[in-house]
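Chemist: need the 3D shape of this:
(one chain, ligands or ions: 2)
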Amino acid sequence: VKKIICSKCGSLYDPASNPVLCEKQDFGRLDLIYDFESIKESLSRSSLRSRANREIWRYGELLPVEERNAAHLFEGRTPLIHASRLGQKLRLSNLYLKDETRNPTSSFKDRAMAVGTAKATEMGVKRTVTASSGNAASSLAAYSAALGLECYAFVPDNVSQGKLYQLHVFGSKISRVSESKESAIDPTVKLMLELVKKEGVYPCPSFGPFNPYQVEGPKTIIYELVEQLGWQVPDYIFVPAGSGCLAAGIWKGINDFLEIGIISSLPRLVLVQPEGNPTLVNAVNSGTPFEDIRRTQIPHSIASGLLDPYPWDGDAAIKAVRATKGTAVTVSDEEIVEAIFDVASTEGIFAEASGAVGLAAAKKMSEQGSIRASESTVVLVTGSGLKEVNRLSEFFQNKKE
Ligand SMILES: *Cc1c(COP(=O)(O)O)cnc(C)c1O
Ligand SMILES: [Zn+2]
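Modeler: Ligands and ions are numbered 1, 2, ... in the order given. You can find the predicted model right below:
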């Protein structure tokens, strides 16, 4: 890492000082800028081919912390599946699924938390804290456990059972927080910040403004899938969005590989949100600048992982869509549930709702003729359905009534 710049105020930080939050307290994200000229010397298609390391640490030059600080739960290296049966159904002959349900705690958040907690170890901190609707918290809890760190989790009242029990068994200190539509800031985030300020606990939620290191984990999805496609860049990548941190990471990964010369063209990024929380989709489609986005009062959807009332990394997510000439679409709960069954019954993959929104969107765009059948399409399946079987059964219960 060559330098660190705040995305809001432009303040510069020395990477060696391990900054986590901007000192101006402006909720800017501290963007890590790498020295691509020197990274180019060791990282190339051929050097990657010869590396035995299969974890995200395979891409060590592009990560902000040394591998020796890591927990090694074997996150990453998830399969890229050519979904020919689902593709037939959706009329997409080059449909690929990046199956992130195979990560240690069953969501892509493990990539983020692996990096965030490795940094915690490097900095010598002993306590971590998160604000999350589930997956980011259960992942932080697992990695904290594996590294002997104490973990505090502020989660919403209606957190899914599977995710809550992961928190229990990994031994984190759990606070369930009821929603509030009055407060300007998400109440779980507010409580997390209090603990950071009062007790100096290391914040590690899955949004950039509160931890810039974990942002670097999800970008490894791009590195892997480009290599898995034989160094081809797909025409489309479908990315679910809540806070926008994943989309920001995907964009960063694309940009890194462009800078290093491993790829030379851009995939179109399709940002997908549920109809009940369309902050970023609306901003993209109406041209609203990031600064003018207001939090959703009461976000609602079966896609519980995409209900962040405020898109903390929306600036980067919106930039990603514009820069790649992509699009942004919403999907309904009905469409999401249909997608869960489609991918399960044709490919044998059980996705959670938040992990199936990309498929629902790909189906919609194919039906509308916005994607041609032969165009290569990668859909990120971001989390496992086993985490929230209760929500799926509630969905059908409500439908019957
Ligand atoms: C967190 C999460 C997302 C979205 O990520 P953001 O970074 O909040 O936009 C998508 N799918 C699953 C399963 C998640 O847990
Ligand atoms: Zn700042």
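
Chemist: list the contacts of whichever residue of the stretch 201-350 of the chain sits closest to ligand 2.
Modeler: Going by CB to the ion, ligand 2 is nearest to Pro209 of the stretch 201-350 of the chain, at 9.1 Å. To be clear about C-beta, it is placed using only N, CA and C from the backbone, and glycine gets the same treatment. By CB atoms under 8 Å, 6 or more residues apart in numbering, the contact list for Pro209 reads 7, 21-22, 27-29, 312-313.

Chemist: what does the stretch 51-200 of the chain have sitting close to ligand 1?
Modeler: Contacts of the stretch 51-200 of the chain with ligand 1, taken as CB under 6 Å from any ligand atom, map to 107, 109, 135-136.

Chemist: which ones among those also lie next to ligand 2?
Modeler: Among those, proximity to ligand 2 is found for none (CB under 5 Å from the ion).

Chemist: ok, of the contacts of Pro209, which one's closest to ligand 1?
Modeler: Comparing those against ligand 1 with CB to the nearest ligand atom places Asp313 closest, at 6.7 Å.

Chemist: so that closest one makes contact with Phe207?
Modeler: Yes: with contact defined as CB atoms under 8 Å, Asp313 counts as touching Phe207 (5.8 Å).

Chemist: identify the contacts common to the two.
Modeler: By CB under 8 Å, 6+ apart, the residues touching both Asp313 and Phe207 are 243, 245.

Chemist: in the stretch 1-150 of the chain, which residue sits closest to ligand 1?
Modeler: Counting by CB to the nearest ligand atom, the stretch 1-150 of the chain gets nearest ligand 1 through Asn135, at 3.4 Å.

Chemist: I'd say that residue and Asn103 touch.
Modeler: No: taking CB under 8 Å as the definition, Asn135 is not a contact partner of Asn103, at 9.7 Å.

Chemist: including distance to ligand 1, neighbour count and pLDDT, could the contacts of Pro209 go into TSV?
Modeler: As requested, these are exported to TSV (distance: CB to the nearest ligand atom, whole Å; neighbours: other CB atoms under 10 Å; pLDDT from 0 to 100):
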residue	distance to ligand 1	neighbour count	pLDDT
Ser7	15	20	96
Leu21	18	20	97
Cys22	20	22	97
Phe27	16	19	94
Gly28	17	20	96
Arg29	12	24	97
Trp312	8	23	96
Asp313	7	28	97
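
Chemist: and the gap between Ala184 and ligand 2?
Modeler: Going from Ala184 to ligand 2 by CB to the ion, to the nearest Å gives 19 Å.

Chemist: tally of neighbours for that residue?
Modeler: Using other CB atoms under 10 Å, the number of residues around Ala184 comes to 10.

Chemist: could I get the contacting residues of the residue nearest to it when sequence neighbours are not counted?
Modeler: Distances taken as CB to CB, 6 or more residues apart in numbering place Arg295 nearest to Ala184, at 7.4 Å, with adjacent residues excluded. For Arg295, the contact set (CB under 8 Å, 6+ apart) comprises 184-186, 279, 309-310.
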